[in-house]
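Engineer: sharing a model prediction with you, sequence too.
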Amino acid sequence: MAIIEISDLVYTYPGASKPSIDGVSLTVEKGEFVLITGPSGCGKTSLCRTFNGLIPHFYQGELKGKIVIAGQDVTCQQTFDMAKHVGLVFQNPENQLFALSVEKDVAFGLENLGIPRVEMRKRVDWALNLTGIYDLRERSPYEVSGGQQQRVAIASVLAMQPEIIVLDEPTSFLDPLSAERIFDVIYKLNQEHGITVVLVEHRLDLTAKYTNHLIVMNKGKICLEGNPREILCSDETSHIGVGIPKATLLYKRLKMNGFNVNKQIPLSSDELAVQLLEALNK
């Protein structure tokens, strides 16, 4: 069942000479883990803003096309109504932190939804523990590091347990190990709770292994979409400027040089290592 349906979407920011989203059509099934990538300025963030109604209700401009999220026509629903269905984590965490403590920031969305106090306490503690910031709960969000702020922003969205979580480069301030831990948490939520995940990321070495639906954007359009293994192995993806996972690049070079490796294209170093060991043992 489709949870995101976008048809012939065109959006132009006020004063812009050309659209940031140019004729995009997209369908995302419930429970998918979608990864959106592409060069800077290709329209990824703008597309994410349409999912919860920031476009067109907060960001003005010219919008054409159809946007249906969780059965709701976004153009007819206010952003606060869409927040019940879609949780958005911004690229810069400071844009969504404002309370006097980490705990209050994580609880803010639940308070606005009218969640009972006992349930709210459970969800806040759960989200703080998942993101590894429970010990920071009484600190001001402006007194912690950029990476910790990012964890607070993620926890505030996780606590609301929406049907869809949209993350716009959510770990840009985190080191690779901390980022992978966050991605593991998000993937677990996707697998165990059926939450649909839409992730915008450049670091495909860390994220490609989680996705089952890859979208490559360029100049406001969707250029490639579908199976991540096939897309990341295509020459067109490299020409667009997408950072192909190193394991996938090595696999392609080994194949070109006649090394007998498994037919399944690897998306991570772990997958490639297993294939190489199997090939060497034959």
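Structural biologist: Looks like it arrived, so ask away.
Engineer: contacts only, for Lys84.
Structural biologist: Residues in contact with Lys84 (CB atoms under 8 Å, 6 or more residues apart in numbering) are 113, 162. No exception for glycine: its C-beta is placed from N, CA and C like everyone else's.
Engineer: how near is it to Ile165?
Structural biologist: Per CB to CB, to the nearest Å, Lys84 is found 13 Å from Ile165.
Engineer: next one: Ala107
Structural biologist: For Ala107, the distance to Ile165 - CB to CB - is 18 Å.
Engineer: now stretch 227-241: buried residues?
Structural biologist: 228-229, 231-233, 237, 240 (16 or more other CB atoms under 10 Å).
Engineer: and it, how far apart are its ends?
Structural biologist: 18 Å (CA to CA, to the nearest Å).
Engineer: how about residues contacting it?
Structural biologist: Contact with stretch 227-241 is made by 35, 38-39, 204, 208, 211-214, 216, 218, 223-225, 242, 244-245, 248, 251-252, 264-265, 267, as judged by CB under 8 Å, 6+ apart.
Engineer: could you tell me how many residues sit around the closest residue to Leu100 other than its chain neighbours?
Structural biologist: Among residues not flanking Leu100 along the chain, Ser140 sits closest, at 6.2 Å (CB to CB, 6 or more residues apart in numbering). Residues lying near Ser140 (other CB atoms under 10 Å) number 14.
Engineer: from now on call the first residue 451
Structural biologist: Got it, first residue is 451 now, which makes that one Ser590.
Engineer: quickly find the element holding Ser590.
Structural biologist: If you go by DSSP states H and E, Ser590 is not part of any helix or strand.
Engineer: OK, contacts around it?
Structural biologist: 550-552.
Engineer: then Ala609?
Structural biologist: Neighbours of Ala609 in contact, by CB under 8 Å, 6+ apart: 556-557, 559-560, 573-574, 576-577.
Engineer: state the pLDDT value of Leu730.
Structural biologist: Note on Leu730: pLDDT of 68.
Engineer: picking that back up, among the contacts of stretch 677-691, name the ones in helices.
Structural biologist: Taking DSSP state H as the definition of helices, the contacts of stretch 677-691 contribute 654, 698, 701-702.
Engineer: nearest to Pro464 among these?
Structural biologist: If you rank the ones in helices among the contacts of stretch 677-691 by distance to Pro464 using CB to CB, Leu654 comes first, at 32.7 Å.
Engineer: pretty sure that closest one is touching Thr487, no?
Structural biologist: Yes: judged on CB atoms under 8 Å, Leu654 makes contact with Thr487 at a distance of 6.4 Å.
Engineer: and the two? which has more neighbours close in?
Structural biologist: For Leu654 versus Thr487, neighbours defined as other CB under 10 Å are more numerous around Thr487 (29 against 23).
Engineer: the more buried one is in contact with Val666, isn't it?
Structural biologist: Yes: counting by CB under 8 Å, Val666 is a contact partner of Thr487 at 5.9 Å.
Engineer: spit out the residues that contact these two alike.
Structural biologist: Common neighbours of Thr487 and Val666, using CB under 8 Å, 6+ apart, are Val692.
Engineer: can you give me the mean pLDDT across the longest strand anywhere in the chain?
Structural biologist: The strand that spans the most residues within the chain, counting by DSSP state E, is strand 452-462. For strand 452-462, the mean pLDDT works out to 96.
Engineer: now for the helix or strand just after that strand, which elements pack on it?
Structural biologist: Going down the chain from strand 452-462, the next helix or strand is strand 471-479, by DSSP H and E. On a contact count with 3 or more CB pairs under 8 Å, 6 or more residues apart in numbering; DSSP states H and E, strand 471-479 meets strand 452-462, helix 494-501, strand 646-650, strand 671-676.
Engineer: tell me which strands strand 471-479 pairs with, and in which orientation.
Structural biologist: strand 452-462 (antiparallel) (DSSP bridges).
Engineer: with just CA atoms, put the strand it pairs with into PDB.
Structural biologist: Provided in PDB are the C-alpha atoms of strand 452-462 (Å, rounded to 0.1, in the frame of the first residue of the first chain):
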ATOM      1  CA  ALA A 452       1.400   3.400  -1.000                       C
ATOM      2  CA  ILE A 453       2.100   5.800   1.800                       C
ATOM      3  CA  ILE A 454       3.700   8.500  -0.300                       C
ATOM      4  CA  GLU A 455       2.200   9.400  -3.700                       C
ATOM      5  CA  ILE A 456       3.600  12.300  -5.700                       C
ATOM      6  CA  SER A 457       2.500  13.100  -9.200                       C
ATOM      7  CA  ASP A 458       4.000  15.600 -11.700                       C
ATOM      8  CA  LEU A 459       5.400  17.800  -8.900                       C
ATOM      9  CA  VAL A 460       6.900  21.100  -9.800                       C
ATOM     10  CA  TYR A 461       7.900  23.700  -7.200                       C
ATOM     11  CA  THR A 462       9.700  27.000  -7.600                       C
END
